[in-house]
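Participant: this one's structure only:
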C-alpha cells in the first residue's frame, strides 16, 4: 500500500521529505475517498514512525502534483490531520509531523527504546510485505525455498496424537526428547559435548540473545560486537544501555589484534559474534582465529555469545567457538528460523550448567515455558530425517545460485569482500565514494529493497557495502539498477 | 524420582534438612550403584537449588538410616561430592551444600535473579510433575478438564492449509485476523472498544507482563501489587529492582482507602492487578471499587496493568478496569493458557496506541515475532465456536464441584474468605495461629501439594491461608489430611 522509502528518513539523517517521491500510493478508484486515503496513510506513517516527529511534509502544491490529486483534497486532508493532532502547521513554513501525546512514564524507563530508533524503523519495514518488490536485501530465504509440506506433515502427525502436551505448560527447559536430540545430534555433530540440563529451548535465537543479554549486561557496560553485524541485536543491546564496541570483521573472522586493543581500552565483559556464515559478510571464523579469540576471552575474563543460526547452511564443517571451548565461556545460541521455519519460533541455548540454571530462571520468570506443540513439530521434522533432506536441498540450491549472483554483481561493477563458501549472504562493495544508503534509497523508487552496509554498523556509520541474499536475486531488475547506479556515478 | 519437599526449604526459612525425611528415592536393584545414585541425586538437588548453598545435609548416620543404606556408602558418596565441589565438610559440624563456582559476571547484572530465589524455587517445583501426588494447590486446570481434541482438530485443519504462515515470521503484532477477532469479539464483549493496532499478541500473559514491566519500571521504583497475588509476577518484578507494595485484597477487590495511603507514601507508577476471579482469593473487583481505583489512577498519574487471564471463567459478567477506562491508563493483558491450552503460549496485550507502539518495539527487539502457527490454531478454535463450547463446559463443571469442595473445606475446619462466584480458586483460612507453610510442608509427606498463603505475599510474609483449586480437589486424602491437621492443632 505504501511506497516505503526504505532508507531515506533514517539513514541519511535528513529531516525533510524528498520532494520528488510520492509519499503514498493512492487509488482514485477505491470506494474510500482520496481525502480519507491520505489521512489514513499519513496517520499510519506517523504511527509507524516512518514519518518522525518534526519531519516536514511536502507542500500542498507538491503533494498534489506527486499524487496526482487536487490541492483542495490535500488541504482538506492536512487540515484533518492537524485536527487529529498528527500534523502541526507552522505559519509560512508548512506542515510538520506533530509530537503526539507521549506516554508519560516512558521517560522514566530503563528500557531505552529511543536508542534503537533507527533499528526499530528498519525492523518494522523489514517485516512489512511489499507486494511486487524485489528483496535482494532480505535476511531470510524466500518462502518458495522453504518447504511448508515438511511442517504440514508434522502438524498432521501431531493432530493424531492426543496428549497432555496439547494443553499443558510442558517442561520449563523445553521438550526433553528434542533437547536430547539436539545434544546427541546437532551439538555432538559439531563436536560440543554437554548434558541435557545445559540446553534450554527458547522462542527463536533472538529470545536466547535477549535472555543472555538481560542476564549479563548492565547499563553502561561495554559490549563487543561484530562490525558489521546483526542489527536487531545492536538495537536491543542499546535499549539495555550497553555501549557497542565494533570488532572489525576480516575474511577469517574478527580482527583479533584490534579486538585485544578494544578489550584493553573498554574492558567489555561480553562478545556477541556470528562464527559461521556471518551476517552480513558471509565469512566464517577460521580455526586459528577462533583459538585466539578464546585465548583473549580466557585472559580477559570475557564471555562469548555465539550466534550460530546460519551454521547448518555451511556445505561442509566449520569450527564453532563453542566446540573449542566446550561451553565454558561460550554461550551457544541457535534456532531453526533461518533454515526451516520462523513461524515455529524454536531456538535454543547451550551453555555452562550454572549459567544455564540462571538463564532458565529468567526464562521462567519472564515468560514461563515455550510451546511444546511447536517443539514437538520440530522434533518430528528432525527425527524423521526431513530436516536433513530439506537442508541439503537448500544448501545445494544456494551453491547453484551463488556463483551466478556473484558473477552478476561483479559484472555490475561491485567488488566482493570474499567468495563465501556457503549460506545466503554475499557482501559487495560499490565503487569508491558511493554511499550505500543513498543507493538503497534510489533503489526503493524501483521497488528494489537493498540492505545497505550502514544498517549493519553499530551506530549506522556510512558504508559503501551492500548485503545481497543470493536466494532473492533472481531478477534482472536488480542488476540493471546496479549497473545504472555504478555507471552513473562513474561518469558524473 | 526425588521426594521433593514442596515448601520446606524455602517457606519456613530454615536452612537445615528435616532429619526424618529421606532426601532421595534410591533403588537398590538398579544397575547404577547406590553411591552413584546418591551422588547424582544430591548433585541434581543442588543444581536445581532444592538444596541451597549453606544447607546442612543429614549426618552420615541419619542419611544411612533414612535411606536404608550402609554408612560406608554414605561416606563414599559425601566424599565424592566434596571432591566434585558440591558439598563442603565443616569439622565437627557435618556436610553443607557448597557455594559452587559462580558465574563471575552475574554479580554485575542488573537482572537481580537472587531477589526472586524463593519464587524461582517454587516455580521449578510447580512445573515438576510428581507422579501420584494430589495437587489441590495447583494453579491451572487438570489435563482431563481441558480438551486436547479441540487443539487436535485445529492442528489437523492447519495441516491441510499450505501457506507462507508455516515458514515465515508473520506480522510483528501478531496474526491480523486473530487480533481482529479479539477486538470484535473478546474485547467488544466486555465493553472495550479499540483499534487493531492497540492489540499485540504475546507468548502467553506472562510475556505481556514482562514487556509492560520492562518498559515501565526502573530499579528502585515502587510498584503496587495485589496482596495476596501472583507470585511469578512478584519474583519477576523483584529481578527488575522494583519495590513491591502490597494492596490488601478485600472481598470487593483492592482496599482502595489503603491504596490511596500507599500511593501517597510510596508514589508508585504502576499497579498490577487481577480484576476478575483474582488469584489466589477468587474474588472479583466490584464496579464501585473499579471506579475508585481509576479515579486514584487518574489523580496520581498511575498506570494499571490488568491481568485478566481468569475472566473467561466467570459465569456471568464482571467489570474490568479497562472497560471503564477504555485503555487510557489501563494496559489489559490476557491469554488462553488457563482456559484452553498453555502449550500454545497465545496471549495478548491491549492498550493505548502510543504505548502499544512501544511495547511492540520491545517485543520485536527482544524476540521478533510470535508463532503464527499457534495463533492460527487459536484462531480456528475461536471462530469455529469450539472455544465457547469448551469454556461453557469448564464453567459449569467448576460450578458443580466448587460447592462440594467448599463444603468439605468448611467441614475440615477451614474458614472461607468468600464464596467465589466462579473460577477455580477458593481461599481458605486455617484456624487461628496455624502457619500455612508448615501445614503445607507436612502435606508433602503425604504427597499432597498445597499452596500456602505466604507464597502469594510480596515478601513471603507468614500466612494462615491456603489456596485451593477446586478442580484438583477430587480426592479424600486432602480433606482427611486437613481434618487431622486442624484437629491436631486444636488439641495440642
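Facilitator: Received, thanks. Values in this document were obtained by computation on a predicted structure and should not be read as measured data.

Participant: could you give me the buried positions within the longest strand anywhere in chain A?
Facilitator: The longest strand of chain A (DSSP state E) is strand A:243-250. Going by neighbour count (16 or more other C-beta atoms under 10 Å in any protein chain shown), the buried part of strand A:243-250 is A:244-247, A:249-250. From N, CA and C alone the C-beta is placed, and that goes for glycine too.

Participant: and what of stretch A:82-93?
Facilitator: Residues of stretch A:82-93 classed as buried: A:86-88 (neighbour count, 16+ other C-beta under 10 Å).

Participant: and which of these is nearest chain B?
Facilitator: residue A:86 (11.5 Å; C-beta to the nearest C-beta).

Participant: quick check: the gap between the closest one and residue A:460.
Facilitator: 27 Å (C-beta to C-beta, to the nearest Å).

Participant: and residue A:386, what are its phi and psi?
Facilitator: Here is the backbone geometry of residue A:386 (degrees, to the nearest 10): phi -70, psi -30.

Participant: same check, this time on residue A:53
Facilitator: phi -50, psi 130.

Participant: now it: closest residue in space that isn't a chain neighbour?
Facilitator: Distances taken as C-beta to C-beta, 6 or more residues apart in numbering or on different chains place residue A:99 nearest to residue A:53, at 4.8 Å, with adjacent residues excluded.

Participant: and for residue A:40?
Facilitator: In space, residue A:40 is closest to residue A:32, 7.7 Å off (C-beta to C-beta, 6+ apart).

Participant: returning to what we had before: of the buried residues of stretch A:82-93, closest to residue A:431?
Facilitator: Within the set of those, residue A:87 lies nearest residue A:431; the separation is 40.4 Å, counting by C-beta to C-beta.

Participant: what residues are up against the residue nearest to the closest one when sequence neighbours are not counted?
Facilitator: Excluding its sequence neighbours, the residue lying closest to residue A:87 (C-beta to C-beta, 6+ apart) is residue A:81, at 4.2 Å. Counting by C-beta atoms under 8 Å, 6 or more residues apart in numbering or on different chains, residue A:81 touches A:39, A:42-43, A:87, A:95.

Participant: could you redo these as a markdown table and give each row pLDDT?
Facilitator: Below are the contacts of residue A:81 laid out as a markdown table (pLDDT from 0 to 100):
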| residue | pLDDT |
| --- | --- |
| A:39 | 88 |
| A:42 | 90 |
| A:43 | 85 |
| A:87 | 88 |
| A:95 | 90 |
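
Participant: between these, which sits nearest residue B:184?
Facilitator: Once C-beta to C-beta is applied, the member of the contacts of residue A:81 that ends up nearest residue B:184 is residue A:43, at 21.0 Å.

Participant: tell me which element the closest one falls in.
Facilitator: helix A:34-47 (DSSP states H and E).

Participant: next: residue A:463.
Facilitator: Residue A:463 is part of no helix or strand when elements are defined by DSSP H and E.

Participant: so it makes contact with residue A:452?
Facilitator: Yes: if you go by C-beta atoms under 8 Å, residue A:463 and residue A:452 touch, sitting 6.5 Å apart.

Participant: show me the residues around the residue most central in space within chain A that make contact.
Facilitator: Centroid-nearest residue in chain A, with C-alpha atoms, centre = their mean: residue A:232, separated by 5.1 Å. Going by C-beta under 8 Å, 6+ apart, residue A:232 touches A:119, A:123, A:206, B:364-365, B:368.

Participant: ok, now residue A:246?
Facilitator: Neighbour list for residue A:246: A:224-229, A:457-458 [criterion: C-beta under 8 Å, 6+ apart].

Participant: so where's the stretch 51-200 of chain A shaky on pLDDT?
Facilitator: Filtered on pLDDT under 70, the stretch 51-200 of chain A yields the residue ranges A:100-109, A:129-130.

Participant: for it, what spans make up the strands?
Facilitator: A:87-90, A:94-97, A:199-203 (DSSP state E, counting those that start in this stretch).

Participant: got the contact list for the longest one?
Facilitator: Think strand A:199-203. The contact list for strand A:199-203 (C-beta under 8 Å, 6+ apart) reads A:173-175, A:178-179, A:182-183, A:187, A:208, A:211, A:333, A:335, A:345-350, A:356, A:359-360, A:363, A:367, A:370-371, A:375, B:203, B:345, B:367, B:370-371.

Participant: quick check: mean pLDDT of the helix or strand following it?
Facilitator: The first helix or strand that comes after strand A:199-203 along the chain, using DSSP H and E, is helix A:204-216. Helix A:204-216 shows an average pLDDT of 96 in the prediction.

Participant: go on, stretch A:448-462?
Facilitator: Computed over stretch A:448-462, the average pLDDT equals 92.

Participant: how far off centre is that stretch?
Facilitator: Relative to the chain's own centre, stretch A:448-462 is displaced by 11 Å; criterion: C-alpha atoms, centre = their mean, to the nearest Å.

Participant: could the strands of the stretch 51-200 of chain A be laid out in a markdown table, adding distance to residue A:70?
Facilitator: Conversion of the strands of the stretch 51-200 of chain A to a markdown table gives the following (distance: least, C-beta to C-beta, whole Å):
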| stretch | distance to residue A:70 |
| --- | --- |
| strand A:87-90 | 19 |
| strand A:94-97 | 17 |
| strand A:199-203 | 49 |
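
Participant: rewinding a little: for residue A:347, see how far away the residue nearest to residue A:40 is.
Facilitator: 41 Å.

Participant: just residue A:462 next, same as before
Facilitator: 33 Å.

Participant: quick one on the thing from earlier: assign the residue nearest to the centre of chain A to helix, strand or coil.
Facilitator: At residue A:232, secondary structure determined by DSSP: H, G, I helix; E, B strand; the rest coil is helix.

Participant: mind listing the helices for the stretch 201-350 of chain A?
Facilitator: Along the stretch 201-350 of chain A, counting by DSSP state H, counting those that start in this stretch, helices occupy A:204-216, A:231-239, A:256-266, A:287-299, A:321-325.

Participant: dump these into a markdown table; add distance to residue B:314 as well.
Facilitator: Converted to a markdown table, the helices of the stretch 201-350 of chain A look like this (distance: least, C-beta to C-beta, whole Å):
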| stretch | distance to residue B:314 |
| --- | --- |
| helix A:204-216 | 33 |
| helix A:231-239 | 37 |
| helix A:256-266 | 55 |
| helix A:287-299 | 55 |
| helix A:321-325 | 50 |
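
Participant: so which of those helices is nearest residue B:324?
Facilitator: Residue B:324 lies closest to helix A:231-239 among the helices of the stretch 201-350 of chain A, at 32.5 Å (C-beta to C-beta).

Participant: let me know the angle separating the closest one from strand A:243-250.
Facilitator: Here the directions of helix A:231-239 and strand A:243-250 differ by 150 degrees (axes from the mean of the first three to the mean of the last three C-alpha atoms, to 10 degrees).

Participant: what residues sit buried inside helix A:231-239?
Facilitator: A:231-239.

Participant: repeat that for stretch A:300-318.
Facilitator: Buried-residue list, stretch A:300-318, by 16+ other C-beta under 10 Å: A:302-314, A:318.

Participant: is any residue of it near chain B?
Facilitator: Yes: for stretch A:300-318, a contact with chain B is found by C-beta under 8 Å from any C-beta of the partner chain, at A:301, A:303.

Participant: off-centre distance for that stretch?
Facilitator: On the basis of C-alpha atoms, centre = their mean, stretch A:300-318 sits 17 Å off its chain's mean C-alpha point.

Participant: endpoints of that stretch, how far apart?
Facilitator: With C-alpha to C-alpha, to the nearest Å as the measure, stretch A:300-318 spans 25 Å from end to end.

Participant: quick one: average pLDDT of it?
Facilitator: 96.

Participant: now the contacts of residue A:232 in CSV, with neighbour count and distance to residue B:275?
Facilitator: Putting the contacts of residue A:232 into CSV (neighbours: other C-beta atoms under 10 Å in any protein chain shown; distance: C-beta to C-beta, whole Å) gives the following:
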residue, neighbour count, distance to residue B:275
A:119, 25, 36
A:123, 20, 34
A:206, 26, 32
B:364, 24, 29
B:365, 26, 30
B:368, 23, 31
